[in-house]
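> dropping the sequence and predicted coords here.
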Amino acid sequence: MTSNKIDLAYTRYLAPDGRLTGELPAWADDFNLLTRLYRQMVLTRLFDLKAVALQRTGRIGTYAPTLGQEAIGVAIGSLMAREDVLVPYYRDTGVQLMRGVKMEEILLYWGGDERGSVYVDPAVQQDFPLCVPIATQSLHACGVATAFKIRGEHRVAVTTCGDGATSKGDFLEALNVAGAWQLPVVFVINNNQWAISTPRRIQSGAPSLAQKAIGAGFQGEQVDGNDILAVYDRMQIALERARQGKGPVLLECLSYRLGDHTTADDATRYRSAEEVKKAWEEEPIKRLQTYLASQGVWDEGREQALVSECQALVQQAVDAFESAGTQPVTSVIDHVYAQWPAALAEQREMLLERAARRAGGLHHE
Ligand SMILES: Cc1ncc(C[n+]2csc(CCOP(=O)(O)OP(=O)(O)O)c2C)c(N)n1
Ligand SMILES: [Mg+2]
């Protein structure tokens with residue numbers, strides 16, 4: 001008899017209390033690197049809290065917080081090469097900041113301004129904008145990876161998605177083509193245990209989401225997504241593998257969505273306070289902080305200095321966002337066609353007229 005059990009790798013180096021669970025890989029001896037990762041997670045969290053506050057006071061629209069999932073984005077962002085391409089989804093503030101997207105651009109995006117998807121830093125101009133339709137980005141990433149492969153370029157497409165997205169046909173089709181063509185693509189699942197109000201346990205009958213890669217003929221594995229050392233380690237290996245033409249990898253990062261799905265959601269309506277309290281004990285920032293303190297490279301003084309430094313950066317971005325001014329109303333459609341079909345050109349004119357009437361205070365409609 002053969003066994004039908006799938007053995008998947010699971011990686012964790014730091015326990016929730018910040019203690020080591022085993023021997024660390026050699027790269028983790030570099031405390032400068034670890035403090036840089038820590039700094040970036042703190043910056044991401046402080047930016048995130050500010051974005052939620054801006055929504056609450058009516059200064060931006062809906063925002064999707066990354067609270068509790070900072071380790072995933074920061075690990076990905078610190079490892080991708082400049083020439084790689086990120087194909088992100090809407091909960092990717094952490095990785096976008098590391099790629100070179102500006103905080104004010106992220107605020108513009110969530111403020112409904114097209115300039116939020118037109119990144120000024122040349123380093124990030126080949127990355128895709130945030131994708132809101134669930135899992136469609138997985139296929140875009142395979143398209144990018146196919147181009148790399150055809151051109152013989154040693155570049156990797158990295159795409160992220162949530163646990164819920166892995167139920168979509170698009171995601172499964174993307175895994176299939178990635179496996180069939182052995183594409184240089186790394187799929188990262190931010191398994192934050194919730195897809196709005198649908199919990200992971202009823203999302204899929206599969207014991208893990210990583211094993212979906214096995215069905216497509218390539219490597220899938222799980223990591224503790226709240227342990228940045230684990231995510232960094234496995235992501236580094238996955239990128240290297242894809243870059244060398246050894247095929248795709250799927251990393252399922254196990255984390256928890258500590259905040260609401262978005263600012264339009266109220267998670268207290270469908271999950272218990274006890275569950276969230278327990279999840280806070282596993283969160284990634286405190287975990288690395290405790291480890292760094294135990295190694296004598298972090299203390300209260302450094303923490304305070306870091307928080308002030310990050311808060312100043314966030315405030316500068318808020319000021320830049322708030323002084324950006326508004327764009328003409330047609331900016332939301334201007335990039336859709338190079339040459340406007342006549343019927344739509346007419347509608348574009350109507351939109352401009354209506355905006356002009358509003359600006360003039362004449363509300364006839
Ligand atoms: C194609 C499509 N269907 C439905 C939605 C509505 N929707 C927005 S977020 C979401 C849940 C996604 O959950 P998950 O993939 O776990 O990602 P998370 O938001 O938890 O990071 C849904 C169904 C959408 N944006 N796109
Ligand atoms: Mg989710």
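That came through fine. Ligands and ions are numbered 1, 2, ... in the order given.
> can you pull the pLDDT of the one residue in the stretch 101-250 of the chain that gets nearest to ligand 2?
Residue nearest to ligand 2 within the stretch 101-250 of the chain: residue 162 (3.6 Å; C-beta to the ion). All C-beta spots, glycine's among them, are computed from the backbone N, C-alpha and C. We have a pLDDT of 98 for residue 162.
> ok, it to ligand 1 distance?
Noted for residue 162: a distance of 2 Å to ligand 1, by C-beta to the nearest ligand atom, to the nearest Å.
> so that residue sits right up against residue 192, yeah?
Yes. Here residue 162 reaches residue 192: they are 6.6 Å apart, a contact under C-beta atoms under 8 Å.
> shared neighbours of these two, anything?
In terms of C-beta atoms under 8 Å, 6 or more residues apart in numbering, residue 162 and residue 192 are both contacted by the residues residue 91.
> list the buried residues of stretch 61-74.
63-74 (16 or more other C-beta atoms under 10 Å).
> between those residues, which is nearest ligand 1?
Distance ranking of these against ligand 1, using C-beta to the nearest ligand atom, places residue 64 first at 6.5 Å.
> residues contacting that closest one?
So residue 64 contacts 90-91, 261-263 (C-beta under 8 Å, 6+ apart).
> hmm, 10 Å instead?
48, 51-52, 89-93, 110, 130, 132, 162, 257, 259-265 (C-beta atoms under 10 Å, 6 or more residues apart in numbering).
> what pLDDT is listed against it?
98.
> element containing it, please.
Under DSSP states H and E, no helix or strand contains residue 64.
> dihedrals phi and psi, it?
phi -110, psi 100 (degrees, to the nearest 10).
> do the same with residue 187
phi -100, psi 130.
> what kind of secondary structure is residue 190 in?
Assigned with DSSP: H, G, I helix; E, B strand; the rest coil, residue 190 falls in the strand class.
> what about stretch 44-60 and ligand 1, any contact?
No. Using C-beta under 6 Å from any ligand atom, stretch 44-60 stays clear of ligand 1, with a minimum separation of 13.4 Å.
> same check on stretch 271-286?
No. Residues of stretch 271-286 contacting ligand 1 under C-beta under 6 Å from any ligand atom: none, with a closest distance of 12.5 Å.
> and that stretch, average pLDDT?
Stretch 271-286 carries an average pLDDT of 98.
> do the same with stretch 336-347
On average, stretch 336-347 scores 92.
> residues of the host helix or strand of residue 311 that come out buried?
Element membership for residue 311 (DSSP H and E) is helix 300-322. Of the residues in helix 300-322, those buried under the neighbour-count criterion (16+ other C-beta under 10 Å) are 302, 306, 310-311, 314, 317-318, 321.
> please state the offset of that helix from the chain centre?
For helix 300-322, the separation from the chain centroid amounts to 21 Å (computed by C-alpha atoms, centre = their mean, to the nearest Å).
> by contact count, what packs against it?
helix 31-56, helix 103-110, helix 284-294 (3 or more C-beta pairs under 10 Å, 6 or more residues apart in numbering; DSSP states H and E).
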